[in-house]
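Visitor: Give me the fold of what follows.
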Amino acid sequence: MLWLVSIEELSSIEPEQKAAFIRQKLEMAGLDLEDMLDRCNFALHPDSGQLEIAVSGGADSVALLVLGYLFNSEVRVWHLDHQLRPSSGREADAVRRLAAAFAVEVEILQRKVESGPNLEERARELRRSIFIEGVSTGHTMDDMAETVVINLLRGAGVKGLGSISIGPEHPILNLRRHETEAVCKALSIEFVVDESNVDPKFVRNRVRREIMPLLSEVSRRDVAPILARTAHIMQQVSGYISNQADQIDPCDAKQVAAADEIVAMEALRRWLLDEHGHSLSYGLVEDVLRVAKGEKVATDLPGSIRVRRSKGRLSKFKVL
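Guide: As a prediction, the model looks like this:
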């Protein structure tokens, strides 16, 4: 679905009157705008001095643009056409029209993402590589809660259970999905609905449509805020562990072996990040810890990397 009448209406409003027009529309719809903005965490980009916002065309990203514009009208919109669906070109055009209605700068980029395993992750990595660093995305509390469940199913540790962190890159993380949809409806903006969001082959879709409602039914309450609170706690725990790991030289086998295991594992995990910043699995990091403790002489890792202990020091090198 694409935007209809209100885009033309918004386009016709003079730039200096747009924010007041939007505020009036939202308040007339019964939305507590000040409360919503208070729960947001917008900040101007340190390099450009404006808001840098990723807009896919869905309700969350459209609401991100609307609320961000009310925070500061100096906005640049970023959109990536992955060319995954026949409708992707129309979605890019819709985002271009939306940016024009707000009279803000827009960057429409086009890159082909091939179908296959880890599609969501590959698309996310592509966006990170071509958008300005630190661009804001429209993740909500519902996304945060779903990510906790997904990472739990994957066997993630403390860091993974921390899910998504609130801040300028995720400024509407304290808002709910029904609130972002309400913002769009209040402005008569008919947001894009991605047909892949109902495809059961994607884990997130099944978590969103099946597991989350079941968890709420079993617990007899809305579990999203509970899971979000758990994520915040895990973020604090992860921060403490990270600070402790900072005090360890990951190449000093004696230091690593003497540290609390969870701290030693974090120090090793960061040392072993690959060139793309990806972490190794828990089991592989555990194997390196065994090398540090002298239980193994060496261990091989993906990418033909070997970690070896010699004279009390750990080293990693490419195996030819």
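Visitor: ranges for the helices of the stretch 201-320 of the chain?
Guide: Using DSSP state H, counting those that start in this stretch, the helices of the stretch 201-320 of the chain run over 203-206, 212-219, 224-245, 253-258, 261-271, 282-292.
Visitor: In TSV: these, plus distance to Ser56, mean pLDDT and mean neighbour count.
Guide: In short, each C-beta sits where N, CA and C put it, glycine included. Output for the helices of the stretch 201-320 of the chain, formatted as TSV (distance: least, C-beta to C-beta, whole Å; pLDDT from 0 to 100; neighbours: other C-beta atoms under 10 Å):
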stretch	distance to Ser56	mean pLDDT	mean neighbour count
helix 203-206	14	92	15
helix 212-219	21	97	13
helix 224-245	21	96	17
helix 253-258	43	96	18
helix 261-271	31	95	20
helix 282-292	32	94	19
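Visitor: Dump those into TSV; add distance to Lys112 as well.
Guide: Shown next, in TSV, are the helices of the stretch 201-320 of the chain (distance: least, C-beta to C-beta, whole Å):
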stretch	distance to Lys112
helix 203-206	22
helix 212-219	32
helix 224-245	34
helix 253-258	43
helix 261-271	33
helix 282-292	32
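Visitor: Ser163: which of these is closest?
Guide: Among the helices of the stretch 201-320 of the chain, helix 224-245 comes nearest to Ser163, with 3.9 Å by C-beta to C-beta.
Visitor: Any idea which of the helices of the stretch 201-320 of the chain gets closest to Glu125?
Guide: For Glu125, the closest of the helices of the stretch 201-320 of the chain is helix 203-206, at 16.2 Å, according to C-beta to C-beta.
Visitor: Now that closest one - C-alpha only, CSV.
Guide: In CSV, the C-alpha atoms belonging to helix 203-206 read as follows (Å, rounded to 0.1, in the frame of the first residue of the first chain):
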residue,chain,number,x,y,z
VAL,A,203,12.0,-16.6,12.3
ARG,A,204,11.0,-13.1,13.4
ASN,A,205,7.7,-13.4,11.7
ARG,A,206,6.8,-16.5,13.6
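Visitor: That helix - contacts with which helices or strands?
Guide: With contacts defined as 3 or more C-beta pairs under 8 Å, 6 or more residues apart in numbering; DSSP states H and E, helix 203-206 has these neighbours: helix 141-153.
Visitor: Could I get the buried residue list for the helix it packs on?
Guide: For helix 141-153, burial by neighbour count (16 or more other C-beta atoms under 10 Å) applies to Met141, Asp142, Asp143, Met144, Ala145, Glu146, Thr147, Val148, Val149, Ile150, Asn151.
Visitor: Which parts of the stretch 1-150 of the chain are strands?
Guide: Secondary structure of the stretch 1-150 of the chain by DSSP state E, counting those that start in this stretch: the strands cover 51-54, 75-81, 105-110.
Visitor: re earlier: between the helices of the stretch 201-320 of the chain, which one is closest to Cys40.
Guide: Among those, helix 224-245 sits nearest to Cys40 (C-beta to C-beta), with 15.1 Å.
Visitor: what's next to the closest one, contact-wise?
Guide: The contact list for helix 224-245 (C-beta atoms under 8 Å, 6 or more residues apart in numbering) reads 141-142, 144-145, 147-149, 158-159, 161-165, 176, 212, 216, 219, 259-260, 262-264, 266-267, 270.
Visitor: make it 7 Å
Guide: Here helix 224-245 makes contact (C-beta atoms under 7 Å, 6 or more residues apart in numbering) with 141-142, 144-145, 148-149, 158-159, 161-163, 165, 262-263, 266-267, 270.
Visitor: Please apply the same query to stretch 267-280.
Guide: Taking C-beta under 7 Å, 6+ apart as the rule, stretch 267-280 contacts Ala245, Ile248, Pro250, Val256, Val285, Val288, Leu289, Leu301, Gly303.
Visitor: repeat that for 6 Å
Guide: Residues outside stretch 267-280 that contact it (C-beta atoms under 6 Å, 6 or more residues apart in numbering): Ala245, Ile248, Pro250, Val285, Val288.
Visitor: Reformat those as TSV; add distance to Gly312.
Guide: What follows is those, written out as TSV (distance: C-beta to C-beta, whole Å):
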residue	distance to Gly312
Ala245	19
Ile248	14
Pro250	13
Val285	20
Val288	15
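Visitor: Nearest to Glu74, out of those: which one, please.
Guide: Of all those, Ala245 has the smallest distance to Glu74: 38.7 Å, by C-beta to C-beta.
Visitor: so which of the helices of the stretch 201-320 of the chain gets nearest Leu70?
Guide: Of all the helices of the stretch 201-320 of the chain, helix 224-245 sits nearest to Leu70, with 23.7 Å by C-beta to C-beta.
Visitor: would you put the C-alpha positions of the closest one in CSV?
Guide: The C-alpha coordinates for helix 224-245 follow below in CSV (Å, rounded to 0.1, in the frame of the first residue of the first chain):
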residue,chain,number,x,y,z
ALA,A,224,6.7,-7.0,25.5
PRO,A,225,7.4,-4.5,28.4
ILE,A,226,8.6,-7.4,30.6
LEU,A,227,11.0,-8.6,27.9
ALA,A,228,12.2,-5.1,27.2
ARG,A,229,12.9,-4.6,31.0
THR,A,230,14.9,-7.9,30.9
ALA,A,231,16.9,-6.5,27.9
HIS,A,232,17.7,-3.3,29.9
ILE,A,233,18.9,-5.4,32.8
MET,A,234,21.1,-7.5,30.5
GLN,A,235,22.5,-4.4,29.0
GLN,A,236,23.6,-3.2,32.4
VAL,A,237,25.1,-6.7,33.2
SER,A,238,26.8,-6.7,29.8
GLY,A,239,28.3,-3.3,30.4
TYR,A,240,29.7,-4.4,33.8
ILE,A,241,31.3,-7.5,32.2
SER,A,242,32.7,-5.4,29.4
ASN,A,243,34.3,-3.0,31.9
GLN,A,244,35.9,-5.9,33.7
ALA,A,245,37.1,-7.4,30.4
